[in-house]
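Novice: Return a 3D structure for these sequence lines:
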Amino acid sequence: MASTTPEQALQIGAQPKRQFRYRLAGRFLREPSAVFAGVVLAVLVLAAVAAPLLAPYNPNATDLRARNIPPAWQRAGSSAHWLGTDPVGRDILSRIIYGARVSLSVGLIVTALAAMIGVLVGLLAGYYEGWIDEVVMRLADLFLAFPFILLAITIIAVLGSGLTNLILVLVITGWVQYARLVRGLVYSIKRNQYVEAALVAGAVDRRVILRHILPNTLAPVVVLATLQVAFVLLTESALNFLGLGVNPTIPTWGSMVNEGRLYIYNAWWVITFPGVAIMLAVLSINMLGDWLRDVFDPTLRVV
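Specialist: The predicted structure follows:
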């Protein structure tokens, strides 16, 4: 009988994972919407990371002699300012590039923190049930009972504006969806035979949760997190539009839309291009989230 060396065993075990990655990459490349979303998000992330290198001007540098210059392709436009300038002469393209740093960073940080808190709370509520589940769900219902924007405005009015407080507000109001999702998943997962077998074998609760339950909740959580990034991005833009976000000296897409609304008729580019940036980011994230849902949902999976 032929024996298998440890090296061969590792190679055999790695083949299914490698094949899954190849199938995933192939499915991604065959989906035009996913490719479009990936390209747009890659460009936005690159712009955010390399903003000092890509932005042609300081985003806060003013030049009243160059105020309200239209985009370069218009008759009165200038090749020095591809997307034009705002009413105080600031370069629109530079402000959009730097605005991507704030908007995308807030979206990713808030989503990561809210997901971690929500997953932890959902795991505990779903696994132990009883009074823990009751307290968590009543607290979640309390958050859901208030309109989201109104709750965020109220908290910011108490804590004050600023980037840290903006992230804190969005995390406080964003963990509920993850907790409710994970709680429902844990309810069904913990009744599976392999979980019951682990408990009979003497596995402690922490091991059962981390080894047998948590991994089986991650796919739906990843899909929800992807979609929540878009929601957080919209909310961050809305709060900045209302003047309740970051410091006014920090360029954000929402604050640019707010500044441009007064000039929509005689300087349409001031509000249009940051609005387009928000639209592209949200649309791409939602398209990517829909693709991930189709990949991970067994009822939609094509064999």
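Novice: how about the helices of this protein, start to end?
Specialist: 6-29, 32-49, 51-54, 92-128, 130-145, 148-159, 163-172, 175-189, 193-200, 205-207, 218-241, 253-260, 269-296 (DSSP state H).
Novice: As CSV, those with mean pLDDT, distance to R75 and mean neighbour count would be great.
Specialist: Backbone N, C-alpha and C define where each C-beta goes, glycine included. Shown next, in CSV, are those (pLDDT from 0 to 100; distance: least, Cβ to Cβ, whole Å; neighbours: other Cβ atoms under 10 Å):
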stretch, mean pLDDT, distance to R75, mean neighbour count
helix 6-29, 58, 42, 10
helix 32-49, 90, 28, 16
helix 51-54, 91, 27, 13
helix 92-128, 91, 18, 22
helix 130-145, 85, 52, 13
helix 148-159, 80, 41, 15
helix 163-172, 85, 40, 19
helix 175-189, 89, 49, 21
helix 193-200, 79, 70, 12
helix 205-207, 82, 69, 11
helix 218-241, 85, 31, 21
helix 253-260, 87, 21, 24
helix 269-296, 88, 14, 20
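Novice: To P70, which of those lies closest?
Specialist: Among those, the nearest to P70 by Cβ to Cβ is helix 269-296 (6.2 Å).
Novice: For stretch 282-299, give me every contacting residue.
Specialist: 24, 27-28, 31, 33-34, 36-38, 40-41, 44, 219-220, 222-223, 226-227, 229-230, 233-234, 300-301 (Cβ atoms under 8 Å, 6 or more residues apart in numbering).
Novice: For stretch 143-152, report the contacting residues that lie outside it.
Specialist: Contacts of stretch 143-152 (Cβ under 8 Å, 6+ apart): V169, L170, T173, V176, T235, A238, L239, L244.
Novice: Spit out the contact partners of the second one.
Specialist: In this case it means L170. V106, V110, A114, A152, V232, T235, E236.
Novice: now do M137
Specialist: Residues near M137 by Cβ under 8 Å, 6+ apart: A125, R180, R183.
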